[in-house]
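1. Dropping a prediction and its sequence here:
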Amino acid sequence: MPTHEFITLHSFPTAILHIDCDAFFASVEQAIHPEYRGKPVVTGGERGIIAAASYEAKAKGIKRGVTLREALKIDPRLIILPTDYETCSLFSRRMFDIMRAHTSEIEEYSIDEGFADITGLRRVKRKTYEDIARGIQQDIELQLGITVSAGLSLSKGLAKLCSKFRKPAGFTAVPGRYIHILLERTRLEDIWGIGQASAALLHKNGMRTALDLARSEEWRIRRLLGKLGVEIWHELNGRSVYPVDPRHKDSYQSISKFKTFSPPTTDKQQVKAFLLRNLESACIKARRYSLAAQEVHITLRTQDFRHFSLGAHLNRASANPMELAKVVDPLLDKIFQPNQFRATGVVLTKLISDDCIQLALFSDPVRIEKFEQAARIIDLINAKYGKHTLHIASSLAADKQHTGQRGRLPERKTTLLKGETARQRLKYPMALIEV
């Protein structure tokens, strides 16, 4: 089939915009520290491994996952910072607020990327879809001081490909009549939803590019990749099957909390403290959504990236860390062994609504009610004075971990305004407050 006959859609039957922040965590640091702009900056100093790298650092070959020791050999002048999750989350919230000023159809896909459905806004705003999309991109850059890459096309899958096309600070719009040009230049591995295994399978069946996949018959894609593959096939052909969902997520199949700490430790009690802190955080989120877990799983990660995991089914669903801590102890005893551990994690699974919890045959209802009352009081106090103000005593050692390079904390946690405390601060990055 000739390339020019591939797509016969008119320009924008739907108009989906994808906004993707450029090197988000490093860019936020450069936005609030003008002296870092134009210089190689990385975050992850608290872990000893690079979590994010600015484009200046990437240009030198410094990438995410590289150890700080290796990165410093490449560039001894590298600026190494701890990851400031609090300030980055504030920038993220502000970015989505800016997008909502243009349209209410916004989906927060992750902390640094989201979708906007701007279909039908041409008549209202008397602008082209390209101009509306560029306006959103420019407002984010002007108001936050960070760059974002934007992609505009007929579906979420195509919009994501467009935003990757010219990074950083790029803008790519692909209307229906030019979809085949984009797909012809896209590897299978770069398609949203296609992993390495699926790409390898498609390669074995004679496909090399996204265009090859989109040109294939539906029955063939269904046979190779199933229902998900057919959905991706529709998206690549400009038929939007994944609508932009502006709803905040309020239901979960599982809740996980992981923590990487530095320096790594061989101390079992220290590892237990981190696990219990993971457990408390997971339970806080479960109770926020009125959920309870029927299974608990724990994970330990070693310094050489090996994983040890084990789970247990509960006699009674719960989201109370004081109850679940009794499950974590025997699980830890079974999988712990002398080693250098650098991360722990807890996953609550098989979640049900907390009003569907049934007591086990030999449960003590009075004791259970006392646990629930204590949990409610802890939630109230922590909501007022900060997360983990009240916590399980055995998790106390988790507060003594190193939280930055040589114990360095993110600046927002060390520079406080009048009336602020270490746990209660204004919901603004320090650099954006006028005093």
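-> Arrived safely, thanks for sending.

2. Which of the helices or strands spans residue 287?
-> Assessed by DSSP states H and E, residue 287 sits inside helix 268-288.

3. buried residues in that helix?
-> 270-284, 286-287 (16 or more other Cβ atoms under 10 Å). Where you see a C-beta, it was placed from the backbone N, CA and C, and this is true even at glycine.

4. now do stretch 80-98
-> Neighbour counts over stretch 80-98 (16+ other Cβ under 10 Å) mark 80-84, 87-88, 90-92, 94-96, 98 as buried.

5. Among these, which are located in helices?
-> 87-88, 90-92, 94-96, 98 (DSSP state H).

6. Show me the residue sitting in the middle of the protein in space.
-> residue 110 (4.8 Å; Cα atoms, centre = their mean).

7. For residue 115, list the residues it contacts.
-> For residue 115, the contacting residues are 16-19, 106-107, 109, 156, 159, 244, taking Cβ atoms under 8 Å, 6 or more residues apart in numbering as the criterion.

8. now do residue 282
-> With Cβ under 8 Å, 6+ apart, residue 282 has these contacts: 255-257, 346-348.

9. As a markdown table, those residues with distance to residue 170, neighbour count and secondary structure would be great.
-> Converted to a markdown table, those look like this (distance: Cβ to Cβ, whole Å; neighbours: other Cβ atoms under 10 Å; DSSP: H, G, I helix; E, B strand; the rest coil):
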| residue | distance to residue 170 | neighbour count | secondary structure |
| --- | --- | --- | --- |
| 255 | 35 | 21 | strand |
| 256 | 33 | 16 | strand |
| 257 | 35 | 19 | strand |
| 346 | 39 | 28 | strand |
| 347 | 37 | 19 | strand |
| 348 | 40 | 27 | strand |
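
10. Quick one: the residues you listed as TSV, columns for pLDDT and distance to residue 377 too.
-> Shown next, in TSV, are those (pLDDT from 0 to 100; distance: Cβ to Cβ, whole Å):
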residue	pLDDT	distance to residue 377
255	89	22
256	89	26
257	89	22
346	93	22
347	93	26
348	92	21
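
11. Residue 46: which of those is nearest?
-> residue 257 (16.8 Å; Cβ to Cβ).

12. Test of understanding: give the bridge partners of that closest one.
-> residue 346 (DSSP bridges).

13. any idea how far it is from residue 272?
-> Using Cβ to Cβ, to the nearest Å, residue 257 is found at 15 Å from residue 272.

14. what's the answer for residue 14, then?
-> Relative to residue 272, and taking Cβ to Cβ, residue 14 is found at 51 Å.

15. what do you get for residue 208?
-> For residue 208 relative to residue 272 (Cβ to Cβ), the value is 51 Å.

16. Any stretches of the chain with poor pLDDT?
-> 1-10, 249-251, 356-369, 386-388, 399-435 (pLDDT under 70).
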